[in-house]
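>>> fold the following and give me the result.
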Amino acid sequence: MQNPSFAPMAPIIPDWPAPPHVKAFFSTRQGGCSQPPWDTLNLGSHVGDDPAAVARNRERLQQQIQAMSSAVASAPSAATPQAVFLEQVHGCETVVLDAPAGQQHQYQQMPPLMADAAVSRRVGTVCTIMVADCLPVLFAHRCLPVVAAAHAGWRGLAGTSGTGVLERCLARYAQTVAALAQAGSATRAGTGASPSVLDGLAEDTLVWLGPCIGPTAFEVGADVYQAFVQPGGLDTAVDAQAAGLFTASAGAADDRWLADLAGLARLRLQRLGLEQLHGNDGTLPWCTFSQPSRFFSHRRDAARLGASGRMAACIWLDAPAAAH
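Reported below is the predicted structural model:
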C-alpha cells in the first residue's frame with residue numbers, strides 16, 4: 001500500500017480567463033499525511049489534528065505554490081511566495097495584505113489576522129482561505145495587479161443590511177484598484193476612484209467560486225432563510241430572487257430548507273454588477289458534502305467522525321502585470 005504522505009496533491013485549477021500573472025488553485029483532501037478523520041491533506045491547525053502533520057501538509061501546499069510560480073526564477077530578488085492564512089470568524093472583515101515583495105515572511109511571524117477576506121497587489125503574497133463546506137470566492141482583475149479571496153459561509157455572505165463579506169471584500173478591492181490608478185500604475189480609462197464599489201471595474205473583474213456544500217445537502221432553518229429572503233425583518237418585503245434559491249426540505253420539520261449557497265453568492269455578485277462568474281454552478285461535482293473521497297465536509301463528518309479537515313483556496317500575483 002502506498003504511503004499517503006507520498007500521494008500527489010490533486011488541486012483544482014480554476015478554469016477562467018485570468019491573465020498569466022494570476023495563479024490560483026483549490027486543494028482537495030488528497031496528497032497529505034494526516035490520519036483519519038483528517039486524512040490526508042488537512043490544512044487546519046484548529047480542528048484537533050496532529051500539529052506536526054498539519055505543518056507537513058502546509059509544506060505540501062507551499063510546494064504546490066512554488067511549482068506554479070515563476071516569480072522567483074524570473075526575479076532573483078523576490079522571496080518565495082508565501083501562503084497567508086487568516087483567523088476566519090464567519091464575519092465580513094477584509095484585510096489588505098500589502099507587505100512589500102520579499103517581506104511576506106512577516107505574516108508567518110505574527111498571529112493570523114482576524115478576517116474572512118484578503119486583498120493583495122503584492123507579488124508572491126498568497127491570499128489563502130480555508131473551507132470545509134463554506135464557499136471560497138476568488139477575484140482577479142484582467143489588467144491590473146490585484147487579487148482577492150473571500151470565505152463565504154452563510155453568516156458572512158448574508159452580513160447585515162445587505163452588506164456581507166463579498167460586498168466588503170469588493171469595496172477593499174476597488175480601493176486598491178483606485179490606489180493603483182492614483183499611483184500611475186493604471187493607464188486604462190475608467191479605473192479611477194468611484195462612489196460605486198464596482199463602477200467601471202465590473203467588466204474587468206473575474207470571479208471564481210470554488211467547491212462548497214451543495215443545494216441538495218445544505219439543510220438550514222428559518223434563521224438562514226430569513227437572513228437572505230427578509231433581511232430587514234418579517235415586516236419587510238420578500239426578496240423573490242433569494243427565495244427562489246431555497247427549497248422546502250421534504251420530510252423535515254416546518255421551516256427547514258435546502259439552500260443553494262453558491263447560488264446566493266452568485267446573486268449577490270450579480271447585483272454588484274459582476275457578470276464574469278466562473279466555477280461552482282450548484283451542480284453535484286462542486287458539492288463538498290457529496291464527495292467524501294475528494295473533499296472535506298464539516299456538515300458530513302463532524303457528527304459522524306467527530307472532526308473534519310480543511311481545504312484551501314489560494315490566489316496570488318506571480319509577476320507584475322504588463323503595462324497597458
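
>>> residue closest to the middle of the protein?
What sits nearest the mean C-alpha location of the chain, by Cα atoms, centre = their mean, is residue 136, with 2.8 Å.

>>> that one should be in a strand, yeah?
Yes: according to DSSP: H, G, I helix; E, B strand; the rest coil, the state of residue 136 is that of a strand.

>>> could you say which helix or strand holds residue 224?
helix 222-229 (DSSP states H and E).

>>> buried sites along the helix or strand following that helix?
As assigned by DSSP H and E, the chain's next helix or strand after helix 222-229 is helix 240-243. For helix 240-243, the neighbour count (16 or more other Cβ atoms under 10 Å) marks residue 242 as buried. In this view, the C-beta of every residue, glycine as well, is placed from N, C-alpha and C.

>>> how far does helix 240-243 sit from its chain's centre?
24 Å (Cα atoms, centre = their mean, to the nearest Å).

>>> got the confidence number for the nearest residue to residue 165 once chain neighbours are set aside?
Of all residues beyond its chain neighbours, the one nearest residue 165 is residue 156 (3.9 Å), with distances taken as Cβ to Cβ, 6 or more residues apart in numbering. According to the prediction, residue 156 has pLDDT 98.

>>> quick one: residue 156 is in a helix?
Yes: using three-state DSSP, the secondary structure at residue 156 is a helix.

>>> surely it is in contact with residue 167?
No: the criterion here is Cβ atoms under 8 Å, and residue 156 misses it with residue 167 at 10.4 Å.

>>> out of the two, which sits in the busier spot?
Between residue 156 and residue 167, counted using other Cβ atoms under 10 Å, the more crowded position is residue 156 (24 against 20).

>>> so what's that one up against?
Applying Cβ atoms under 8 Å, 6 or more residues apart in numbering to residue 156 gives the contacts 90-92, 116, 134, 150, 164-165.

>>> residue 97 reaches residue 120, doesn't it?
Yes: at 4.4 Å, residue 97 counts as touching residue 120 under the criterion of Cβ under 8 Å.

>>> overlap in contacts, those two.
Joint contacts of residue 97 and residue 120 (Cβ under 8 Å, 6+ apart) are residue 127.

>>> where along the stretch 151-300 of the chain do the strands fall?
Ranges of strands in the stretch 151-300 of the chain, per DSSP state E, counting those that start in this stretch, are 205-209, 219-220, 246-248, 257-259, 277-279.

>>> which residues does residue 94 bridge with?
residue 117 (DSSP bridges).

>>> now do the same contact list for it.
Counting by Cβ under 8 Å, 6+ apart, residue 94 makes contact with 115-119, 148, 150, 165, 168-169, 171-172.

>>> can we see that at 10 Å?
By Cβ atoms under 10 Å, 6 or more residues apart in numbering, the contact set of residue 94 is 86, 115-119, 148-150, 165-173, 175.

>>> neighbours around residue 80, how many?
Per other Cβ under 10 Å, the neighbour tally for residue 80 reads 14.

>>> taking the contacts of residue 94, please make a ChimeraX selection of just the buried ones.
Those of these that count as buried under 16+ other Cβ under 10 Å are selected in ChimeraX with:
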select :86,115,116,117,118,119,148,149,150,165,166,167,168,169,170,171,172,173
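
>>> give me the subset of the contacts of residue 94 lying in helices.
Judged by DSSP state H, helices contain the following of these: 165-173, 175.

>>> between the contacts of residue 156, which sits nearest residue 56?
Taking Cβ to Cβ as the measure, residue 56 sits nearest to residue 134 out of these, at 24.3 Å.

>>> spatially nearest residue to the closest one (excluding sequence neighbours)?
residue 153 (3.9 Å).

>>> that neighbour - how many residues pack around it?
22.

>>> with residue 122 instead?
Neighbours of residue 122 (other Cβ under 10 Å): 19.

>>> would you agree it is in contact with residue 100?
Yes: Residue 122 lies in contact with residue 100 (Cβ atoms under 10 Å); the separation is 6.6 Å.

>>> not counting sequence-adjacent ones, nearest residue to residue 289?
residue 217 (3.9 Å).

>>> now the one you found: how far from residue 249?
For residue 217, the distance to residue 249 (Cβ to Cβ, to the nearest Å) stands at 11 Å.

>>> so what sits against both of residue 156 and residue 167?
Joint contacts of residue 156 and residue 167 (Cβ under 10 Å, 6+ apart) are 92, 150.

>>> that's all I had, so thanks and see you.
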